[in-house]
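>>> Could you work out the structure for the sequence below:
(one chain, ligands or ions: 1)
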Amino acid sequence: MGNRPALATFTADSEIEQTYRRRTPNVAEIFERAKRSLPGGSTRAFGYFRPYPLTFERGAGPYLWDLDGNRYVDFTYNGLSLIHGHAFPPVEEALREALPNATAWPGTSLPQIRFAEALCERIPSADRVRFTNTGTEAGMLAVKLARHATGRPLMVKSWGAYHGSYDDLEAGLYGNGEMPGRTVLGRFGDIDSYREVFARHRGEIAGVIIEPILFTFEVVPPPPGFLPELAALARAEGAVVILDDCLMFRLALGGSAEKFGIEPDLTCLGKFIGGGLPVGVVAGREELLAVLDPDNPEGLYHGGSFNGNPLGATAGRVTLEHLGAGEIAAMDRRAERLKGALERKAAAVGIPLEVTGDGSILGSYVVGAGGSPDRELGARFHLASINHGVYFGQDGEFALATTLDDEALERAVNGLEAALDDLAAEPGQSAGLGS
Ligand SMILES: Cc1ncc(COP(=O)(O)O)c(C=O)c1O
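Residues are numbered from 1 along each chain as shown. So this is what the prediction gives:
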């Protein structure tokens with residue numbers, strides 16, 4: 001239990017890999033040093049790939065620079081946690097102002113209240129919010145609230161949905177199945193599989209947690225109507241509806257609830273909601289969050305030394321203030337342009353690339369034999385793109401930021417087109433390239 005998917009292996013004779021090694025000698029050297037103090041030279045799973053991952057030293061707007069001075073158009077934004085790109089000036093300025101007042105205070109603070117008010121105003125289903133420090137913690141708290149409110153033990157989630165590094169929400173990932181007594185699984189997009197789960201566990205299900213678009217490992221948008229149907233089913237069965245909007249709050253002013261027409265009981269936020277600092281949020285109906293009132297004798301104890309700290313609360317509020325409908329629409333338009341460019345070029349060079357997504361996120365896969373993603377070729381495309389100055393997620397994930405302007409986009413399109421040329425020129429190692 002708990003293994004991540006197998007990493008693609010490269011053959012040393014890959015020209016793409018050799019180019020990568022030639023361009024990144026300092027990165028290679030620092031990785032050897034990192035391995036002596038960090039397991040596998042890393043401190044998280046995301047961002048790791050073979051033959052060795054990049055080490056960055058600077059970011060600005062849509063760009064990152066590695067230790068060898070190579071510049072990249074970034075499409076990861078630290079796992080979608082920087083909606084305005086790197087070192088966003090309004091956030092930097094607000095933090096510079098806040099910093100002399102110290103970084104963490106006990107008790108409630110004005111930065112916290114202002115941020116909480118902004119969130120409640122923006123999210124129709126949020127009467128109250130509770131701060132945590134990460135999306136994982138937000139998920140843990142939401143599960144705790146659902147179990148407490150219903151007195152039931154089971155959570156329902158989708159196979160393949162990622163909700164952070166919390167055991168109960170790792171069912172259906174890394175080779176894990178259901179976790180008896182804790183978590184049961186439905187198939188994303190298949191409402192009947194959920195009906196069957198609810199029927200099998202009638203009266204035992206505390207809540208359903210929904211990743212509205214599967215993103216990590218593979219990008220899968222929901223079929224039309226699926227999310228509202230799932231929310232209605234859960235509600236009819238007396239279960240709490242939890243929307244994990246850590247990634248997809250970017251899709252509309254009111255997040256994916258607005259985009260897909262659902263009204264969750266609880267919404268988990270994380271990632272960009274902290275403006276580049278670690279912040280998580282559980283937002284929701286007053287009666288569900290009232291158990292966190294310290295004056296409530298029936299309440300739940302919920303601590304967190306850094307919950308709502310003044311820096312995260314300030315960076316988060318300023319970030320939200322700069323994310324309006326115009327910015328969201330502009331990101332969506334540029335994502336559309338990127339998708340079209342990838343599809344056209346892949347078709348021109350004969351690579352079976354599939355591009356999925358919605359709004360400002362995309363997933364790209366080289367399709368292998370049997371129609372499933374060819375991880376080996378996907379890894380080569382990823383590395384070839386890095387060689388041409390474009391950095392996206394190692395499983396083919398792309399996300400845009402508001403500061404990714406037309407110049408950065410054109411730079412990225414040129415880089416990705418050159419990467420597809422390189423991929424087409426590699427000796428065909430798999431059914432995917434048809435040679
Ligand atoms: C949908 C979703 N929920 C929760 C999390 C966990 O957030 P964090 O990494 O801040 O713990 C992630 C992280 O990628 C995520 O993608």
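>>> CA atoms for contacts and neighbours, from now on please.
OK.
>>> can you give me the strands for the chain?
56-60, 63-66, 71-74, 128-132, 154-158, 183-186, 205-210, 240-244, 266-269, 280-284, 353-358, 361-366, 390-391, 397-399 (DSSP state E).
>>> most packed of the ones you listed?
strand 266-269 (a mean of 30; mean count of other Cα atoms under 10 Å).
>>> now that strand: how far from the chain's centre is it?
Offset of strand 266-269 from its chain centre (Cα atoms, centre = their mean, to the nearest Å): 14 Å.
>>> Against which helices or strands is it packed?
helix 135-150, strand 240-244, strand 280-284 (3 or more Cα pairs under 8 Å, 6 or more residues apart in numbering; DSSP states H and E).
>>> hmm, 6 Å instead?
If contacts are counted by 3 or more Cα pairs under 6 Å, 6 or more residues apart in numbering; DSSP states H and E, strand 266-269 sits against strand 240-244, strand 280-284.
>>> Now tell me what touches the last one from outside.
Just to be clear, that refers to strand 280-284. Strand 280-284 is contacted by residues 125-135, 138, 265-270 when judged by Cα atoms under 6 Å, 6 or more residues apart in numbering.
>>> of those, list those near the ligand.
Of the residues in these, proximity to the ligand by Cα under 6 Å from any ligand atom holds for Thr134, Gly135, Gly270.
>>> now those residues as CSV including pLDDT?
Shown next, in CSV, are these (pLDDT from 0 to 100):
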residue, pLDDT
Thr134, 98
Gly135, 98
Gly270, 98
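>>> would you list the residues you listed in JSON lines and tack on distance to Ala234 and neighbour count?
Below are these laid out as JSON lines (distance: Cα to Cα, whole Å; neighbours: other Cα atoms under 10 Å):
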{"residue": "Thr134", "distance to Ala234": "26", "neighbour count": "23"}
{"residue": "Gly135", "distance to Ala234": "22", "neighbour count": "26"}
{"residue": "Gly270", "distance to Ala234": "24", "neighbour count": "30"}
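>>> Including mean pLDDT and distance to Glu343, could the strands of the chain go into JSON lines?
Formatted as JSON lines, the strands of the chain follow (pLDDT from 0 to 100; distance: least, Cα to Cα, whole Å):
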{"stretch": "strand 56-60", "mean pLDDT": "98", "distance to Glu343": "28"}
{"stretch": "strand 63-66", "mean pLDDT": "98", "distance to Glu343": "24"}
{"stretch": "strand 71-74", "mean pLDDT": "98", "distance to Glu343": "19"}
{"stretch": "strand 128-132", "mean pLDDT": "98", "distance to Glu343": "40"}
{"stretch": "strand 154-158", "mean pLDDT": "98", "distance to Glu343": "29"}
{"stretch": "strand 183-186", "mean pLDDT": "98", "distance to Glu343": "32"}
{"stretch": "strand 205-210", "mean pLDDT": "98", "distance to Glu343": "29"}
{"stretch": "strand 240-244", "mean pLDDT": "99", "distance to Glu343": "30"}
{"stretch": "strand 266-269", "mean pLDDT": "99", "distance to Glu343": "32"}
{"stretch": "strand 280-284", "mean pLDDT": "98", "distance to Glu343": "36"}
{"stretch": "strand 353-358", "mean pLDDT": "97", "distance to Glu343": "7"}
{"stretch": "strand 361-366", "mean pLDDT": "97", "distance to Glu343": "10"}
{"stretch": "strand 390-391", "mean pLDDT": "98", "distance to Glu343": "17"}
{"stretch": "strand 397-399", "mean pLDDT": "98", "distance to Glu343": "14"}
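>>> Nearest to Asn307, out of the ones you listed?
Nearest to Asn307 among these is strand 128-132 (4.8 Å), distances taken as Cα to Cα.
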